[in-house]
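# structure, please.
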Amino acid sequence: MLACVAFAFVFLQYTRHGRCLYAMGSNRTAAAYSGIPVKRYRFLAGMLTAVLIAVGAIVVCSRNSAAQISGCDSYLMPSLAAVFVGRSVGGAEKPNALGTLVGAALVAVLENGLTQMGVVYYVFPAVKGGVLALALIAAYAPRLRRK
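Take a look at the predicted model:
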């Protein structure tokens with residue numbers, strides 16, 4: 001995981017391609033007008049995402065000792081919460097690799113803390129949803145104040 005975060009951080013912060021991806025994510029039309037080949041970079045982003053999803057799927061299959069259709073259903077909400085919590089960490093106001101690492105650590109600590117407190121398993125999605133809602137408010141509230 002740390003290797004993936006380090007790769008993503010260096011790729012997004014210090015390469016032309018990473019800056020083009022950030023520009024395209026901020027405003028696709030402005031990126032196209034500035035000369036960035038938007039279709040190519042969308043394809044590149046999709047391919048990188050597919051490769052990282054495949055690596056994650058291999059890790060999950062090896063942990064479960066089997067490939068199951070619903071083996072990763074419980075990973076969607078924590079991953080989204082990690083990205084949005086990470087977006088609001090450090091005032092970056094954009095998804096970034098280090099913020100996502102911090103967000104993932106916070107979500108993992110939250111889940112482990114709930115488990116240790118003896119909270120019933122079906123309450124986890126409600127608590128994680130509340131954390132995700134608070135992260136969304138923290139991420140988008142500064143943008144609303146500026147308008």
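
# helices along this protein, start to end?
Listed in chain order, the helices of the chain (DSSP state H) span 2-14, 16-26, 28-33, 38-64, 76-88, 97-116, 124-146.

# columns mean neighbour count and distance to residue 70 on top of those helices, output as JSON lines?
Bear in mind the C-beta positions are built from the backbone N, C-alpha and C, glycine included. As requested, the helices of the chain are arranged in JSON lines below (neighbours: other Cβ atoms under 10 Å; distance: least, Cβ to Cβ, whole Å):
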{"stretch": "helix 2-14", "mean neighbour count": "13", "distance to residue 70": "24"}
{"stretch": "helix 16-26", "mean neighbour count": "15", "distance to residue 70": "30"}
{"stretch": "helix 28-33", "mean neighbour count": "13", "distance to residue 70": "34"}
{"stretch": "helix 38-64", "mean neighbour count": "12", "distance to residue 70": "11"}
{"stretch": "helix 76-88", "mean neighbour count": "20", "distance to residue 70": "11"}
{"stretch": "helix 97-116", "mean neighbour count": "16", "distance to residue 70": "19"}
{"stretch": "helix 124-146", "mean neighbour count": "14", "distance to residue 70": "15"}
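
# export the ones you listed to JSON lines and tack on mean pLDDT?
Output for these, formatted as JSON lines (pLDDT from 0 to 100):
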{"stretch": "helix 2-14", "mean pLDDT": "88"}
{"stretch": "helix 16-26", "mean pLDDT": "86"}
{"stretch": "helix 28-33", "mean pLDDT": "89"}
{"stretch": "helix 38-64", "mean pLDDT": "87"}
{"stretch": "helix 76-88", "mean pLDDT": "78"}
{"stretch": "helix 97-116", "mean pLDDT": "87"}
{"stretch": "helix 124-146", "mean pLDDT": "75"}
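
# my guess is residue 60 contacts residue 74. True?
No: under the criterion of Cβ atoms under 8 Å, residue 60 is not in contact with residue 74, lying 10.5 Å apart.
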